[in-house]
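S.K.: coordinates for the following, if possible.
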Amino acid sequence: MYVADFKKHNVWVIERGETTPHLYFHSDRFNQPNDLAIAADGTLYASDPRFASPAGGQIWRITRGADGKGQGEVMSSTRRLGVTNGIDLSPDGATLYVSESNSRQVWAYRLDGSKLLDPRLVRGFADFEVDGLRTDVDGRIYLARLSAGKIAIIAANGSLEREVPLSGKQPTNLTFGGPDGRTVFVTQKEGRFIEAFVLAVPAASLACRCPACAESVERKTTTVFDGFNRLAGRSESKRSNTRSGRDRHCVLQIVLNTVSPAAT
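M.R.: Take a look at the predicted model:
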C-alpha cells in the first residue's frame, strides 16, 4: 500500500505482510502529492497540484530502485497542466487519465517513459469541481464530482454514460473492491465517511478467483465492516435502486476518525 503525504511531501509504503509505514519517496519539489496510480510493473504516478496562485500542477513518475526506495521525476508534457488531481491508468497501461480541479476537465495522455504525449480532452463539465477518478476493467472512467454529490461514469471516448447520485454531497475519491470487484467505495469530505454502491458487473478483476481466495476476501471484508460498526457505535445502511435501475445503491456511513487499525 502506498500513501501520499501531501503536507510533508512524502510517499509512504506499507509493504505486503507489514503494518508499519516506511518512507518510500520524498522531494522538496513536490507541491503536495495528492492521488496515486499504480502500473502493473509497480511504477507509481502521482498527481501534484498547486492550488495557490499561479494555480497549476505536475505529474510524477516514481519507480522502485535497487535499494527498495522510490526514485521520482517530474513528467514532461506538451501542454501546460492545470491543477492535477485524480489520476489512473487505462486497463492496458498505455494511457494516463488526469482530472484537473480548476478546469473541471479530464485529460488523457499517451505514456512514453517520463513523457506525457498526445494530450486529449476526454470530457469537461460546466459546473462543480472534479476530484479523484478510477478506471474499471472495461476502460470506463469513474469520476468524483465534488459538491455535485455524484460519481460520473464516462466512456473512454468521453461520452457520459450516466451519473450515480450519492447520499453525501462532497465525494473526493473512490476505489473498487469487494469479494467480486463490484463494489465502489467513495470517500466523502463532509461528515468524513465512506459511501459504497454495488455495480451490476465487476469494475475490478480479482487476482485469483479460486474459492479459497474468494472466501478469504469476503471474510476479510466482513471483518472490516464489523469492526467499523463496533467502533463507530452505529452504521446506517440504505438500499435503493438508482434511476438506471442497474445498480444496487448501499450507503455505509462510518465516522472515519473513530476507526483504529486494530479494527481490521
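S.K.: what's the nearest residue to residue 176 if we skip its chain neighbours?
M.R.: Closest residue to residue 176 in three dimensions, ignoring its sequence neighbours and counting by Cβ to Cβ, 6 or more residues apart in numbering: residue 204, at 3.8 Å. C-beta coordinates here come from the backbone N, C-alpha and C atoms, glycine included.
S.K.: per-residue pLDDT of that neighbour, please?
M.R.: Model confidence at residue 204, given as pLDDT, is 90.
S.K.: who's in contact with residue 10?
M.R.: Taking Cβ atoms under 8 Å, 6 or more residues apart in numbering as the contact definition, residue 10 lies against 4, 23-26, 33.
S.K.: measure it to residue 33 for me?
M.R.: In this structure, residue 10 lies at 7 Å from residue 33, with Cβ to Cβ, to the nearest Å as the measure.
S.K.: residue 89 too?
M.R.: From residue 89 to residue 33 the distance is 17 Å (Cβ to Cβ).
S.K.: so which residues of the stretch 101-250 of the chain form strands?
M.R.: With DSSP state E, counting those that start in this stretch, the ranges of strands along the stretch 101-250 of the chain come out as 105-112, 115-124, 130-135, 141-145, 150-154, 160-165, 171-177, 183-188, 193-198, 237-241, 248-252.
S.K.: indicate which one of those is closest to residue 77.
M.R.: Among the strands of the stretch 101-250 of the chain, strand 115-124 comes nearest to residue 77, with 4.1 Å by Cβ to Cβ.
S.K.: I'd like the average pLDDT over that closest one.
M.R.: In this model, strand 115-124 has a mean pLDDT of 98.
S.K.: go on, stretch 153-169?
M.R.: Stretch 153-169 carries an average pLDDT of 95.
S.K.: how about it as PDB, C-alpha atoms only?
M.R.: Coordinates of each C-alpha in stretch 153-169 appear next as PDB, following Å, rounded to 0.1, in the frame of the first residue of the first chain:
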ATOM      1  CA  ILE A 153     -19.300   7.300 -15.300                       C
ATOM      2  CA  ILE A 154     -17.500   8.300 -18.600                       C
ATOM      3  CA  ALA A 155     -16.700   6.000 -21.600                       C
ATOM      4  CA  ALA A 156     -13.200   6.100 -22.900                       C
ATOM      5  CA  ASN A 157     -14.400   8.200 -25.900                       C
ATOM      6  CA  GLY A 158     -15.600  10.900 -23.500                       C
ATOM      7  CA  SER A 159     -19.300  10.300 -23.600                       C
ATOM      8  CA  LEU A 160     -21.100  10.500 -20.300                       C
ATOM      9  CA  GLU A 161     -22.800   7.100 -19.700                       C
ATOM     10  CA  ARG A 162     -24.600   8.100 -16.600                       C
ATOM     11  CA  GLU A 163     -24.100   9.600 -13.100                       C
ATOM     12  CA  VAL A 164     -24.700   7.900  -9.800                       C
ATOM     13  CA  PRO A 165     -26.200  10.200  -7.200                       C
ATOM     14  CA  LEU A 166     -24.800   9.800  -3.700                       C
ATOM     15  CA  SER A 167     -26.100  10.500  -0.200                       C
ATOM     16  CA  GLY A 168     -23.000  12.500   0.600                       C
ATOM     17  CA  LYS A 169     -22.600  15.800  -1.300                       C
END
